[in-house]
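Engineer: The following block contains a protein sequence and its predicted model.
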Amino acid sequence: MHGNDAKKAAAMLSVALSLALGGCGGDGGQTEMVSPTSAATTRYINETTTSATTRWAPALTDTWQIQLTGRLNTSYAVTAYDFDLFDTPQATIDALKAQGRRVICYFSAGSSEDWRPDFNQFTEADQGAALSGWAGERWLDTRSANVRRIMLARMDLAVSKGCDAVDPDNVDGYSNSTGLPLTAETQLDYNRFLAAEAHARGLAVGLKNDVGQVAELAASFDFAINEQCFQYRECGAYTAFTGQGKPVFQIEYATKYRDAATRAGLCAKAQAANLRTLVLPRMLNGSFRYACDA
């Protein structure tokens with residue numbers, strides 16, 4: 001999950017995706033669904049392109065920073081920055097690339113956000129229950145062909161902005177109260193769809209949380225991003241990534257980790273597990289950062 005309030009005002013200025021996506025908002029009618037075994041999905045999974053062979057392959061020890069709200073701080077000597085796809089100025093991405101940094105572009109793949117420039121592309125039927133604690137967001141029906149078309153356009157925008165990878169968030173709707181008939185099977189299908197389409201565009205792609213399906217999805221993704229696996233005692237699942245030499249970019253939010261002694265214990269565990277752990281503010285606004293890696 002992520003912070004919303006600070007992003008809403010900034011995102012009002014973003015029009016890039018409006019140019020990438022044509023058409024108007026839906027009328028709340030029936031939604032075309034994509035079957036988990038559809039021919040279209042099979043095409044996504046089987047599709048190969050020359051660009052896929054040249055995409056970024058993040059290393060197990062790559063360092064990172066994530067910031068989704070506030071004035072962006074690009075002063076850290078890290079391998080990769082994870083910034084918002086819509087809100088990040090092109091000049092910022094260009095400057096990072098010129099420094100040899102990698103840029104991961106964040107977007108929500110499992111929820112609508114009413115401040116995004118492509119929000120009116122979602123039909124009423126595409127959207128389910130509100131995300132608890134996150135104003136302006138509703139779960140998406142990830143079986144919807146329309147939802148998938150919007151996500152393809154977002155990945156096209158990532159390519160046009162020069163992103164090296166994408167960070168699709170909220171890809172675990174099946175395990176939440178979405179008000180939609182999502183299942184573990186439909187989630188696996190959607191997440192594999194996202195990974196295959198990212199790869200078809202020469203983008204690396206991270207699996208955000210969805211801890212219950214990490215073992216089944218690790219082969220399809222290039223890295224993982226996890227929030228609070230130490231707090232919830234779920235970090236062991238990520239050997240599915242680290243065992244393949246794929247990095248796990250990990251975040252803890254608990255206030256106790258701001259204490260140096262407590263954080264030292266956390267970092268010892270993170271380094272032993274080969275996790276690239278940061279202690280950050282929950283709003284991901286750049287107000288502080290503690291890294292377990294030098």
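Structural biologist: In hand now; what should we look at? Residues are numbered from 1 along each chain as shown.
Engineer: which residues touch residue 237?
Structural biologist: 211, 214, 215, 229 (C-beta atoms under 8 Å, 6 or more residues apart in numbering). No exception for glycine: its C-beta is placed from N, CA and C like everyone else's.
Engineer: what about the second one, which SS state?
Structural biologist: I take that to be residue 214. Here residue 214 is recorded as helix under DSSP: H, G, I helix; E, B strand; the rest coil.
Engineer: burial measure for it, as a count.
Structural biologist: The number of residues packed around residue 214, counting by other C-beta atoms under 10 Å, is 22.
Engineer: Report pLDDT for it.
Structural biologist: Reported pLDDT at residue 214 in the predicted model: 98.
Engineer: Repeat that for the first one.
Structural biologist: Among the per-residue scores, residue 211 shows a pLDDT of 98.
Engineer: With adjacent residues omitted, what lies nearest to it?
Structural biologist: In this structure, residue 211 finds its nearest non-sequential neighbour in residue 234, 4.8 Å apart by C-beta to C-beta, 6 or more residues apart in numbering.
Engineer: Could you tell me how far that neighbour is located from residue 212?
Structural biologist: To residue 212, residue 234 is 9 Å away according to C-beta to C-beta, to the nearest Å.
Engineer: next one: residue 276
Structural biologist: Distance from residue 276 to residue 212, counting by C-beta to C-beta: 22 Å.
Engineer: neighbour count winner among these two?
Structural biologist: residue 276 (26 against 15).
Engineer: Between the two ends of stretch 108-126, how far is it?
Structural biologist: 14 Å (C-alpha to C-alpha, to the nearest Å).
Engineer: buried stuff in that stretch?
Structural biologist: Counting neighbours by 16 or more other C-beta atoms under 10 Å, one finds that the buried residues in stretch 108-126 are 108-113, 115-119, 121-123, 125-126.
Engineer: tell me how far that stretch is from the chain's mean position?
Structural biologist: 15 Å (C-alpha atoms, centre = their mean, to the nearest Å).
Engineer: residue ranges of the helices in the stretch 151-294 of the chain, please?
Structural biologist: In the stretch 151-294 of the chain, helices defined by DSSP state H, counting those that start in this stretch lie at 184-200, 214-217, 239-242, 260-272, listed in chain order.
Engineer: quick one: which of those helices is nearest residue 70?
Structural biologist: helix 260-272 (22.0 Å; C-beta to C-beta).
Engineer: Give the buried residues for that closest one.
Structural biologist: Of the residues in helix 260-272, 263, 266, 267, 270 count as buried by neighbour count, 16+ other C-beta under 10 Å.
Engineer: Among these, which one sits closest to residue 188?
Structural biologist: residue 270 (27.8 Å).
Engineer: State the distance from that closest one to residue 161.
Structural biologist: Residue 270 sits 31 Å away from residue 161, going by C-beta to C-beta.
Engineer: picking that back up, make TSV from the helices of the stretch 151-294 of the chain and add distance to residue 167 to it.
Structural biologist: Formatted as TSV, those follow (distance: least, C-beta to C-beta, whole Å):
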stretch	distance to residue 167
helix 184-200	10
helix 214-217	14
helix 239-242	15
helix 260-272	19
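Engineer: Residue 249 is nearest to which of those?
Structural biologist: Comparing the helices of the stretch 151-294 of the chain against residue 249 with C-beta to C-beta, the closest turns out to be helix 239-242 (10.0 Å).
Engineer: Let's see that closest one as PDB, backbone CA atoms only.
Structural biologist: Output of helix 239-242 as PDB, limited to C-alpha atoms (Å, rounded to 0.1, in the frame of the first residue of the first chain):
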ATOM      1  CA  THR A 239      13.800 -17.600  -0.400                       C
ATOM      2  CA  ALA A 240      11.800 -18.400  -3.600                       C
ATOM      3  CA  PHE A 241      13.400 -15.100  -5.000                       C
ATOM      4  CA  THR A 242      16.800 -15.000  -3.300                       C
END
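Engineer: could you say what helices and strands it packs with?
Structural biologist: For helix 239-242, the elements it packs on are helix 214-217, judged by 3 or more C-beta pairs under 8 Å, 6 or more residues apart in numbering; DSSP states H and E.
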